[in-house]
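Novice: Okay, sequence plus prediction incoming.
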Amino acid sequence: MAKPADAEMFAGDALLHTDWNSTNLLIEGRAYLVDWAWATLGAAWLDPAGMVVWLMAEGGHTAAQAEAWASQIPSWQAAPAGAVTAYAKANARLWAEIAQARPDEWTSRTASAAGAWALYRAQQDQARTGR
């Protein structure tokens, strides 16, 4: 269950894309991030967190592999572990609702990836804290 205080962990003044998917990242010699319709302000680590799910859903990465990629980004390195876990759980709930409302291969795959990441984060938190 989400807590209202969780939203405060996502606050910040970084410009975020927030719509990570395979059609918004074009690679033609270099990478272009397109379709900024969902641009917003927030914690700088949120965009790398969003990319974790897409690496899992579209790239076949495990949660550990996707987080290893994200760990190359300074804002991810500075992200509070509890905030990342709260985001992963919220993202899993969002994609579960989307997949239920619009069941298709893409939403099911993304919901599965988001759920797997949330479970991985919970396990990592449990190992780190012993709870």
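Specialist: Ah, there it is. Residues are numbered from 1 along each chain as shown.

Novice: what about Asn91, neighbour count?
Specialist: Counted with other CB atoms under 10 Å, the neighbours of Asn91 add up to 22. Any C-beta I mention is one placed from the backbone N, CA and C, and that applies to glycine too.

Novice: Assumed it was part of a strand.
Specialist: No: with DSSP: H, G, I helix; E, B strand; the rest coil as the criterion, Asn91 is assigned helix and is not in a strand.

Novice: Quick check, it in contact with Ala118.
Specialist: Yes: counting by CB atoms under 8 Å, Ala118 is a contact partner of Asn91 at 7.1 Å.

Novice: Can you tell me what sits against the helix ranked longest in the chain?
Specialist: In the chain, ranked by residue count with DSSP state H as the criterion, the top helix is helix 105-129. Applying CB atoms under 8 Å, 6 or more residues apart in numbering, the contact partners of helix 105-129 are 52-54, 56-58, 63-64, 66-67, 81-82, 84-85, 88-89, 91-92, 94-96, 98-99, 131.

Novice: Narrow those residues to those in helices?
Specialist: 52-54, 56-58, 63-64, 66-67, 81-82, 84-85, 88-89, 91-92, 94-96, 98-99.

Novice: By mean pLDDT, flag the weakest helix or strand of the protein.
Specialist: In the chain, no helix or strand scores lower on mean pLDDT, DSSP states H and E than helix 4-8, which sits at a mean of 79.

Novice: From the chain's centroid, how far away is that helix?
Specialist: For helix 4-8, the gap between its own C-alpha mean and the chain's C-alpha mean amounts to 17 Å (CA atoms, centre = their mean, to the nearest Å).

Novice: what ranges of the protein fall below the confidence cut-off?
Specialist: Flagging of the chain using pLDDT under 70 yields the residue ranges 1-2.

Novice: In what element of secondary structure is the residue nearest the centre of it found?
Specialist: The centroid of the chain falls nearest to Gly50 when counting by CA atoms, centre = their mean (2.8 Å). Here Gly50 sits within helix 46-59, counting by DSSP states H and E.

Novice: which residues touch that helix?
Specialist: The contact list for helix 46-59 (CB under 8 Å, 6+ apart) reads 10, 12, 14, 16-18, 20-22, 61-63, 65-67, 69-70, 73, 75-76, 79, 84, 87-88, 91, 95, 109-110, 112-114, 116-117.
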